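Undergrad: Just need the structure, nothing else, for what follows:
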Amino acid sequence: MISNQPQILISFIIYFCLMLWIGWFFYRRTVLHTDYLLAGRNLNSWIVSLSAQASDMSGWLLMGLPGFAYLQGLNAFWIGFGLLVGTIFNWLLVARRLRVFTEIAGDSITLPSFFEKRTFDHSGQVRMISAIFILIFFTIYTASGFVAGAKLFTSIFNVSYLMALTISAVIIIGYTFLGGFYAVSYTDFIQGIIMFFAIIIVPIYVIQQTGGFGHFATDMITDHPNLFYLFKNNQGEKLSGIAIFSLMAWGLGYFGQPHILARFKAIRSPKKLRKSSVIAITWVTLSLAAAILVGITAFYAISDSLPDPEKAFIMLVDVVATPWLAGILLAAILAAIMSTADSQLLVSSSSVTEDFYKMLSKKKASPKKLTRISRFSVVAVALIAMAVASDPENRVLDIVAFAWGGFGAAFGPLVLASLYWKKLSKAGAIAGILAGGTTTILWKIASGGIFEVYEIVPGFVASALAIIIVSTIIKPKKEVSELFERYKSGLY
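TA: Just a heads-up that it's a prediction; the model follows:
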């Protein structure tokens with residue numbers, strides 16, 4: 001068993017030390033508050049692309065999605081397809097425009113501050129409401145990363161769930177606390193590379209060891225044909241159109257994810273985003289396909305009755321890898337977890353300082369004090385997320401789905417309206433956030449198996465309608481149109 005191999009522990013210790021060293025390295029080089037929160041808008045194409053996708057995919061790429069594919073087979077294709085389409089449109093429709101507009105709109109660091117300046121809201125209402133939803137959904141989202149980390153450590157080192165949860169949280173908090181956005185982006189770059197090679201190597205190696213792809217495919221299709229139907233579930237029952245649409249609807253979430261959008265804002269020049277998009281889309285395409293293959297391969301190579309399907313990748317590594325290789329491959333799960341949790345903590349801390357403290361404090365704080373507040377906000381949000389993650393029965397995919405849907409519905413339509421619609425008003429922005437966020441929460445609470453539709457769908461629609469209707473009734477200020485025209489001229 002992998003838990004009995006000291007090489008695994010050594011590999012993890014080396015990995016931890018590398019991440020913490022990066023945090024310390026950038027701690028000594030973080031001077032301005034904008035450095036801590038947005039890396040001074042000075043990242044290159046490779047760092048932006050891989051850190052964006054690594055922070056996007058999180059632990060669910062190596063645990064949640066393979067677990068779903070293990071249970072449902074090629075049905076998981078619909079989630080992967082939706083995410084791929086969403087990724088492509090996010091890079092093509094949002095990335096460059098957001099980078100340009102946030103700089104023109106008073107060099108906005110956070111998404112709430114951008115919405116505020118975009119709508120000329122001097123009351124602070126848009127910013128405050130946005131920040132509240134960011135803290136709600138990111139606390140839940142960060143909890144999913146801690147759950148994934150706890151499952152990893154309990155599987156490998158046979159420690160209690162609570163101990164495993166604490167270990168994973170302490171490591172993530174450590175380098176995020178120290179280095180800020182620079183550390184998060186560079187560690188995510190490294191983690192993105194590790195995740196990419198691990199998720200591709202493992203299923204290919206397993207298939208080769210079991211007689212090659214032809215043998216694998218023949219056996220699986222013969223013995224478990226239901227796993228290879230796109231339009232049926234694993235019981236052979238036909239999937240409804242609503243079920244397929246709900247799976248693909250994951251792609252709608254991309255437009256409203258603050259931790260991904262932050263990467264677009266941090267690149268050195270908007271011109272470099274074209275190269276970043278090619279790198280990112282290639283990474284996502286191959287990684288999603290491999291993650292689905294991991295689940296199906298685990299069903300074939302291990303058993304059809306894993307107690308926890310989200311541990312399929314871990315079990316495959318146990319079967320096929322030498323101790324040293326296993327250490328590296330399992331560190332990839334930790335990389336996936338950390339790459340998202342660190343980004344979420346950082347964006348949450350930026351909302352605390354930029355969107356709460358600076359608005360509510362009557363005294364102007366120094367950059368050093370703001371950075372210090374940001375660092376301690378990382379700890380505070382992480383502790384709350386640990387409390388949410390404390391139940392060992394939590395499922396990574398379920399938690400991610402709710403937080404992802406919440407962000408996509410609350411902010412996705414507003415991001416698109418901000419970048420493409422001249423007539424967006426302050427009232428429309430507020431209505432969109434409230435409609436999308438609350439609809440997602442209420443739909444999740446009320447569904448209980450009655451509704452088959454993923455909550456992001458009604459939430460996204462409600463938000464978009466609220467923005468359009470309210471902005472049409474309560475028109476924007478004249479300054480809003482002038483700023484939009486200035487932004488359009490800056491695009492070319």
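Undergrad: Could you give the backbone dihedrals for residue 246?
TA: phi -60, psi -40 (degrees, to the nearest 10).
Undergrad: May I ask which helix or strand encompasses the residue most central in space within the chain?
TA: In the chain, the C-alpha nearest the mean C-alpha coordinate belongs to residue 56, at 3.2 Å (CA atoms, centre = their mean). Per DSSP states H and E: residue 56 is located in helix 45-57.
Undergrad: So what's the model's average confidence on the helix or strand just after that helix?
TA: Note on helix 45-57: by DSSP H and E, the next helix or strand toward the C-terminus is helix 64-72. Average pLDDT, helix 64-72: 87.
Undergrad: same check, this time on stretch 473-489
TA: For stretch 473-489, the per-residue pLDDT averages 91.
Undergrad: ok so, going back, buried ones in the helix holding residue 56?
TA: For helix 45-57, the neighbour count (16 or more other CB atoms under 10 Å) marks 45, 47-57 as buried. Every C-beta, even on glycine, is put in place using the N, C-alpha and C of the backbone.
Undergrad: Then stretch 370-380?
TA: Neighbour-count burial for stretch 370-380 [16+ other CB under 10 Å]: 370-371, 373-375, 377-378.
Undergrad: How far away from the center of its chain is stretch 299-306?
TA: 28 Å (CA atoms, centre = their mean, to the nearest Å).
Undergrad: Cross-check the contact I'm expecting between residue 81 and residue 245.
TA: No - using CB atoms under 8 Å as the test, residue 81 is too far from residue 245 to be in contact (11.4 Å).
Undergrad: Look up the closest residue to the residue nearest to the centre of the chain, ignoring the ones flanking it.
TA: Distance criterion CB to CB, 6 or more residues apart in numbering; nearest residue to residue 56, sequence neighbours excluded, is residue 260 at 5.2 Å.
Undergrad: Now that neighbour: which helix or strand?
TA: With DSSP H and E as the test, residue 260 turns up in helix 258-266.
Undergrad: Counting by contacts, list what that helix packs against.
TA: On a contact count with 3 or more CB pairs under 8 Å, 6 or more residues apart in numbering; DSSP states H and E, helix 258-266 meets helix 33-38, helix 45-57, helix 96-104, helix 111-118, helix 125-157, helix 161-209, helix 323-350, helix 396-420.
Undergrad: report the angle between the axes of that helix and helix 111-118?
TA: 60 degrees (axes from the mean of the first three to the mean of the last three CA atoms, to 10 degrees).
Undergrad: elements contacting the helix or strand that contains residue 466?
TA: Using DSSP H and E, residue 466 sits in helix 456-473. With contacts taken as 3+ CB pairs under 8 Å, 6+ apart, helix 456-473 sits against helix 396-420, helix 426-447.
Undergrad: hang on, isn't residue 436 packed against residue 459?
TA: Yes - between residue 436 and residue 459 there is a contact under CB under 8 Å: 4.8 Å.
Undergrad: Give the residues shared as contacts by these two.
TA: 409-410 (CB atoms under 8 Å, 6 or more residues apart in numbering).
Undergrad: Out of the buried residues of stretch 370-380, which sit inside helices?
TA: Residues from the buried residues of stretch 370-380 lying in helices, with DSSP state H as the criterion: 370-371, 373-375, 377-378.
Undergrad: what's the least confident helix or strand in this protein, going by average pLDDT?
TA: Least confident helix or strand of the chain, by mean pLDDT, DSSP states H and E, is helix 33-38 with a mean of 53.
Undergrad: So, low pLDDT: which residues of the stretch 151-300 of the chain?
TA: 175-184 (pLDDT under 70).
Undergrad: cutoff 90 now
TA: 151-199, 201-247, 258-260, 262-272, 295-300 (pLDDT under 90).
Undergrad: Could you give the number of residues near residue 140?
TA: 21 (other CB atoms under 10 Å).
Undergrad: so it sits right up against residue 402, yeah?
TA: Yes - using CB under 8 Å, residue 140 is in contact with residue 402, at 6.3 Å.
Undergrad: excluding its backbone neighbours, what's nearest residue 428?
TA: Going by CB to CB, 6+ apart, residue 428 has residue 471 as its nearest residue, at 3.1 Å.
Undergrad: likewise residue 327?
TA: Closest to residue 327 by CB to CB, 6+ apart is residue 11, at 2.6 Å.
Undergrad: Fine, thanks again, bye for now.
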